[in-house]
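> Just to be clear, the model below is a prediction. Sequence and coordinates:
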Amino acid sequence: MGKRMYAIEVENLVKKFGDFEAVKGVSFKVRKGEIFAFLGPNGAGKTTTVHILTTLLKPTSGKAIVAGYDVVKDAKEVRKRIGIVFQDPSVDRDLTAYENMLVHGGVYGLRGRELKEKIEELLKFVELWEFRNKLVKYFSGGMQRRLEIARSLLHHPEVLFLDEPTLGLDPQTRAHVWSYIEAMREEQEMTIFLTTHYMEEAEKLADRVAIIDHGRIIADGTVEELKKLVGGDVIYLKVEDGAECFETDFGSCVVLPDGRIRIDVSNASEAIPRIFEAAEKEGIKILEITYHRPTLNDVFLHLTGREIRDEGGNLMKGITKARMRR
């Protein structure tokens, strides 16, 4: 058999909970050794997809291959080859960091000197070795997340799933976790599947990004490819007496829910003088004008008409937790 090019292959994946369709026929491939990000608001179907790919849920229909094995037919083989850091903390708070690692290593058949050396290596990697004998209940949220990352690497997985790995962390700790993720890909030579609703996280870490909304993938590609969907620059206007789009021949115009006007242009420095001319011609008074290069949030806004935000997450969170308990 030839060498596999893809670590994950998903085709027409569907997941229904009763009448609710959480995942609506998604298809994508993840190359071996890349960081692939699933970006979208809470409730978009990110965690449900991860639970299918990690064999925690069975799909309603469609096919998923992870590390060369079918997630339904060969679930045991898939589990041997993956690691996962869940959205919600899953470490035992009544054990020490070292004991958590010891128990997890035993689950994967690691024993003796090999296990001890691996625990020391990984706890040093996430800068927790000096806290190895401290009960996890006394760890900060960032320390617990770092411990979970270390634990997920014990059996050297081919594919590591990180489901909202920095959710709830402060910006400094989040940046710290990012550095571990980048180092993991370099040092451990593994494929990383990341879900997030933080645009800057996807931009910072991912080789490729799939934007998911309401259970469907609406765009995918490199960060730069996705930004090209918007254009060169994004201009925001605040105007007097209510916002409405005015005639322009240099970019698309849309009124945002907060009352601002957004115009996508190829070159802001050239477009801004023309915008003032067009506004003056139509008797529109501009109170404020700003512009920046497109972000992934601008891409999402361009594709859906709204910004990425937490929405509808509680329902899915409850459903997936209940399924996992069962």
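Okay, I see it.

> CA atoms for contacts and neighbours, from now on please.
Fine.

> pLDDT weak spots in the stretch 1-150 of the chain?
1-3 (pLDDT under 70).

> Now do the helices in it.
Under the criterion DSSP state H, counting those that start in this stretch, the stretch 1-150 of the chain contains helices at 46-53, 75-80, 97-107, 112-125, 141-152.

> Distance to E224 and mean neighbour count added to those helices, as a markdown table?
Below are these laid out as a markdown table (distance: least, CA to CA, whole Å; neighbours: other CA atoms under 10 Å):
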| stretch | distance to E224 | mean neighbour count |
| --- | --- | --- |
| helix 46-53 | 22 | 24 |
| helix 75-80 | 32 | 17 |
| helix 97-107 | 39 | 19 |
| helix 112-125 | 31 | 16 |
| helix 141-152 | 28 | 23 |
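
> Make TSV from those and add distance to I218 to it.
Formatted as TSV, the helices of the stretch 1-150 of the chain follow (distance: least, CA to CA, whole Å):
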stretch	distance to I218
helix 46-53	13
helix 75-80	27
helix 97-107	37
helix 112-125	37
helix 141-152	30
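
> and of those helices, who's closest to G215?
helix 46-53 (7.9 Å; CA to CA).

> Tell me which residue lies farthest from the centre of this protein.
Using CA atoms, centre = their mean, the residue of the chain lying farthest from its centre is K281. It sits 44.5 Å away.

> secondary structure element for A278?
Per DSSP states H and E: A278 is located in helix 268-281.

> before we move on, the earlier item: please report how far the residue farthest from the centre of the chain lies from G242.
Separation of K281 from G242 (CA to CA, to the nearest Å) stands at 17 Å.

> re the thing from before, need the CA coordinates for the helix holding A278. PDB is fine.
Coordinates of each C-alpha in helix 268-281 appear next as PDB, following Å, rounded to 0.1, in the frame of the first residue of the first chain:
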ATOM      1  CA  ALA A 268      -8.200  51.700   0.800                       C
ATOM      2  CA  SER A 269      -5.900  54.600   0.300                       C
ATOM      3  CA  GLU A 270      -7.300  55.000  -3.300                       C
ATOM      4  CA  ALA A 271     -10.900  54.300  -2.300                       C
ATOM      5  CA  ILE A 272     -11.300  56.600   0.700                       C
ATOM      6  CA  PRO A 273     -11.100  60.000  -1.200                       C
ATOM      7  CA  ARG A 274     -13.700  58.600  -3.700                       C
ATOM      8  CA  ILE A 275     -15.900  57.500  -0.800                       C
ATOM      9  CA  PHE A 276     -15.900  61.100   0.600                       C
ATOM     10  CA  GLU A 277     -16.800  62.400  -2.900                       C
ATOM     11  CA  ALA A 278     -19.600  59.900  -3.300                       C
ATOM     12  CA  ALA A 279     -21.000  60.600   0.200                       C
ATOM     13  CA  GLU A 280     -20.900  64.400  -0.300                       C
ATOM     14  CA  LYS A 281     -22.600  64.000  -3.700                       C
END
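
> please renumber so the chain begins at 32
Understood, numbering begins at 32; the last thing we discussed is helix 299-312.

> Check which helices and strands it sits against.
strand 264-270, strand 317-323 (3 or more CA pairs under 8 Å, 6 or more residues apart in numbering; DSSP states H and E).

> Would you tell me which one of these is buried the most?
Highest mean neighbour count of these: strand 264-270, a mean of 20 (counted as mean count of other CA atoms under 10 Å).

> Please enumerate residues in contact with it?
Residues outside strand 264-270 that contact it (CA atoms under 8 Å, 6 or more residues apart in numbering): 290-299, 315-325, 329.

> Note down every partner strand of it and its orientation.
strand 292-296 (antiparallel), strand 317-323 (antiparallel) (DSSP bridges).

> Start and end of stretch 134-149, how far apart?
So stretch 134-149: terminal residues 13 Å apart, CA to CA.

> and it, how far from the chain's centre?
Stretch 134-149 has its C-alpha centroid displaced from the chain centroid by 30 Å (CA atoms, centre = their mean, to the nearest Å).

> List the contacts of it.
Applying CA under 8 Å, 6+ apart, the set of residues contacting stretch 134-149 is K111, L133, R182, L185, H186.

> If we use 7 Å, what do you get?
R182, L185, H186 (CA atoms under 7 Å, 6 or more residues apart in numbering).

> Who are the contact partners of the first one?
When contacts are counted by CA under 7 Å, 6+ apart, R182 touches M132, H135.

> roughly how far apart are it and V81?
In terms of CA to CA, R182 sits 18 Å off from V81.

> try the second one
Relative to V81, L185 is positioned 20 Å away (criterion: CA to CA).

> quick one: terminal-to-terminal distance for stretch 311-318?
One end of stretch 311-318 sits 12 Å from the other (CA to CA).
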